[in-house]
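Student: Quick one: sequence and predicted model below, then my questions.
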Amino acid sequence: MNNKKILGWEMFGILFIFLLGAFFHFIYEISGFLKPIALIGAVNESVWEHLKIGFWPAFIWAIIEFFTFGKRAKNFFIAKGISFTLIGLLITGLFYAYTILTGLESLAIDISIFFVAIVAAQIISYRIMIIKRYHRVLNVIGVILILANLVVFSLLSYFPPKCPIFLDPVSGGYGIVK
């Protein structure tokens, strides 16, 4: 697969992840609060739930990419492992940085941060995938990162620790709020 095609897939992925993430923000409520949907959809307004709606669409997109070209792309797993992790780190870091520095919270800034995190993650994913040299050890690390993301994003909405990142500022609760 040539680099231009990979770039095209990664750039289209920005739109896919952003739009599906926006939908996943509301899917739990739309579903009538079905507990299985809490796996992928935001169950409250905590920072954690906004990380989750970045992760799951990126993971779904990566599955589509894997079956389209990922088996032929060098370093696919490390690219995706890093990109999934980067989305969460950027959203968290940028959100807390601007809210601490300004004392404000803005929906427009939050949405912009979500978009910027996705763009950065997709660009980094592309840059890693096109590296000419295949790195088996790094791809194993990528699989471990992907599995770690799957585990934490599968469990922590159902069993959230009492940490600020999991606190719903609207209800004052954690995880699935009544």
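Tutor: Cool, got the structure.

Student: which helices and strands does the host helix or strand of Phe23 pack with?
Tutor: Following DSSP states H and E, the helix or strand that holds Phe23 is helix 3-30. In this structure, helix 3-30 makes packing contacts with helix 47-65, helix 107-129, judged by 3 or more CB pairs under 8 Å, 6 or more residues apart in numbering; DSSP states H and E. (Glycine included, C-beta is placed from N, CA and C.)

Student: what's the closest of the ones you listed to Ile82?
Tutor: helix 107-129 (6.2 Å; CB to CB).

Student: Now do the buried residues in the closest one.
Tutor: 110, 113-114, 117-126, 128-129 (16 or more other CB atoms under 10 Å).

Student: Next one: the spatially most central residue of the chain from Phe84, what distance?
Tutor: Nearest to the mean C-alpha position of the chain, by CA atoms, centre = their mean, lies Phe55 at 2.3 Å. From Phe55 across to Phe84, the span is 6 Å (CB to CB, to the nearest Å).

Student: shared neighbours of those two, which are they?
Tutor: Residues touching both Phe55 and Phe84 by CB atoms under 8 Å, 6 or more residues apart in numbering: Asn149.

Student: any idea which of the buried residues of helix 107-129 is closest to Asn149?
Tutor: Relative to Asn149, the closest of the buried residues of helix 107-129 is Ala121; by CB to CB it sits at 11.9 Å.

Student: and the closest residue to the closest one other than its chain neighbours, what is it in contact with?
Tutor: The shortest distance from Ala121 to any non-neighbouring residue, by CB to CB, 6 or more residues apart in numbering, is to Ser83 (4.0 Å). Going by CB under 8 Å, 6+ apart, Ser83 touches Ala58, Ala121, Gln122, Ile124, Ser125.

Student: so Ser83 sits in a helix?
Tutor: Yes: counting by DSSP: H, G, I helix; E, B strand; the rest coil, Ser83 falls inside a helix.

Student: circling back: could you dump the helices and strands packed on helix 3-30 into CSV and include distance to Leu34?
Tutor: Listed next are the helices and strands packed on helix 3-30 as CSV, based on distance: least, CB to CB, whole Å:
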stretch, distance to Leu34
helix 47-65, 15
helix 107-129, 24
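
Student: closest one to Val177 among those?
Tutor: helix 47-65 (10.5 Å).

Student: relative to helix 3-30, how tilted is that closest one?
Tutor: Compare the direction of helix 47-65 with that of helix 3-30 by axes from the mean of the first three to the mean of the last three CA atoms, to 10 degrees and you get 130 degrees.

Student: so where's this structure uncertain?
Tutor: When residues are selected by pLDDT under 70, those of the chain lie in 178.
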